[in-house]
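Chemist: have a look at this prediction, sequence included:
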Amino acid sequence: MTSPHDDAPRPPSWAAPSGTGAPPPETVPQPGPPAAPPPPPSGWGGQPPGGSGSWGPAAPPPPGISWRPQALQPGIIPLRPLGMGEIYDGAFRAVRANPRVMFGLAALVVTVAVILQSVIQWYVKGILAPQLTDLSADLDPSGQMGFAEQLGSSIGLLIAAPVTSIATTILTGLLIVSVSRSVLGQVATVGEVLRSWRVWLVVGFTFLSGIVILTVIAVLVTGVTLLAVNDQVALAVLVGLGGSLAFLVAAVWFTTRTLLVPPALMLEGKKFWPTITRAWRLTRGAFWRLFGIYLLTTILAGIIAQIIVFPATLIAQIALRDPTATSFGSVVVIGIATIIASTLSTTFVSSVVALLYIDVRMRREGLDVELARAAETAA
């Protein structure tokens, strides 16, 4: 494995998530007659000639056509640098390869998180709605618009956001373990995945990232507020718009450069800060590719979520005669839809991120060779 301070591509060691470790080291050859070369792995160099079951030399390619040996594929992806379509195909294959973890465990974690979020949202709305009624008397004198209920529900949802964020972070780390095992054609059990204590390193990194982001936002808001209070409205607007744009660009850049940190923390078995530094270095030269694929993945996940949640919201508003969608029945209906949507989107995004990490290492470090050895050793 490359050192965190060395970007030169070298064959790294693959820390197996299951704890099996890397393949045995090579031994020093002893003098003697040369040993016969081992047969090529299945899928290498064409089909067995004559149907005899023995592997012979591959037939030469037709004139003018370049030939490349077929990549070994013990699991959900071929062991070679991947295209975007192969990454998405591998994400769906990861779900089919281990539905008990990718759907079962994911649905369980998301369900617990959504229940806690709904309870907090309902409780906060019940406390704040009566107090907000007087404040919203000018905007909604009759109360038919349900402004107080909607505002109280939104505040409750904001307060409960850390619950779902932590749950999603934990789930992402656990699913990365399952995807990495599926690459080798292995199936991780629920117990093996839950024993992956390194997921707390991912939670720690997410927590630290959140503190940095909130600090930047607080500084920006404080600056704009001080300018507005001192009657420098034009400068406050300029700083607000410019600062918001700069923050958006910085957030996109930071998110992309740290995109591979969760899979690196889960799979490499190294210490916290060296792993973060190494994951940061892995994104060098691959920023735009990672950004494009992750952006498209996020958009697709958002579309999938809205396809499920939006009809549920309409049902709550029309069938339950609740225009504000804040009643108990509406919260239950929307909560069930949110569970389904969050399970699908989190599973899909986590699988793509894990495969992006493996793809980058195959491109830069020849990880495909070591994964092939690990697959043959486990076979």
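Modeler: Yep, that arrived. Numbering: from 1, shown residues only.
Chemist: going by C-alpha atoms from here, please, whenever you check contacts or count neighbours.
Modeler: Will do.
Chemist: where's Arg96 relative to Ser342, distance?
Modeler: Look at Arg96 and Ser342: by CA to CA, to the nearest Å, they are 18 Å apart.
Chemist: who has more neighbours, those two?
Modeler: Under the criterion of other CA atoms under 10 Å, the comparison of Arg96 against Ser342 puts Ser342 first, with 25 against 14.
Chemist: now name the helix or strand holding the more buried one.
Modeler: Assessed by DSSP states H and E, Ser342 sits inside helix 328-365.
Chemist: please name every helix or strand in contact with that helix.
Modeler: Helix 328-365 sits against helix 84-97, helix 106-135, helix 147-183, helix 261-267, helix 287-318, helix 367-378, with contacts defined as 3 or more CA pairs under 8 Å, 6 or more residues apart in numbering; DSSP states H and E.
Chemist: that helix: which residues count as buried?
Modeler: For helix 328-365, a neighbour-count test (16 or more other CA atoms under 10 Å) marks 330-362, 364-365 as buried.
Chemist: stretch 103-118 too?
Modeler: Residues of stretch 103-118 classed as buried: Phe103, Leu105, Ala106, Ala107, Val109, Val110, Thr111, Ala113, Val114, Ile115, Gln117, Ser118 (neighbour count, 16+ other CA under 10 Å).
Chemist: keeping just the C-alphas, turn that stretch into CSV.
Modeler: Below are the C-alpha coordinates for stretch 103-118, written out as CSV (Å, rounded to 0.1, in the frame of the first residue of the first chain):
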residue,chain,number,x,y,z
PHE,A,103,-31.8,-4.1,1.9
GLY,A,104,-32.6,-5.8,5.2
LEU,A,105,-30.0,-4.2,7.4
ALA,A,106,-30.4,-0.9,5.5
ALA,A,107,-34.2,-0.8,6.0
LEU,A,108,-33.8,-1.6,9.7
VAL,A,109,-31.3,1.2,10.3
VAL,A,110,-33.4,3.7,8.2
THR,A,111,-36.6,2.7,9.9
VAL,A,112,-35.2,3.3,13.4
ALA,A,113,-33.8,6.7,12.3
VAL,A,114,-37.1,7.8,10.6
ILE,A,115,-39.2,6.8,13.6
LEU,A,116,-36.9,8.8,15.9
GLN,A,117,-37.0,11.7,13.5
SER,A,118,-40.8,11.6,13.2
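Chemist: so how far is it from its chain's centroid?
Modeler: Here the centre of stretch 103-118 is set off from its chain's centre by 17 Å, with CA atoms, centre = their mean, to the nearest Å.
Chemist: residues contacting it, please?
Modeler: With contact meaning CA atoms under 8 Å, 6 or more residues apart in numbering, stretch 103-118 is reached by 95, 157, 160-161, 163-164, 167-168, 171, 175, 190, 331, 335, 338-340, 342-344, 347.
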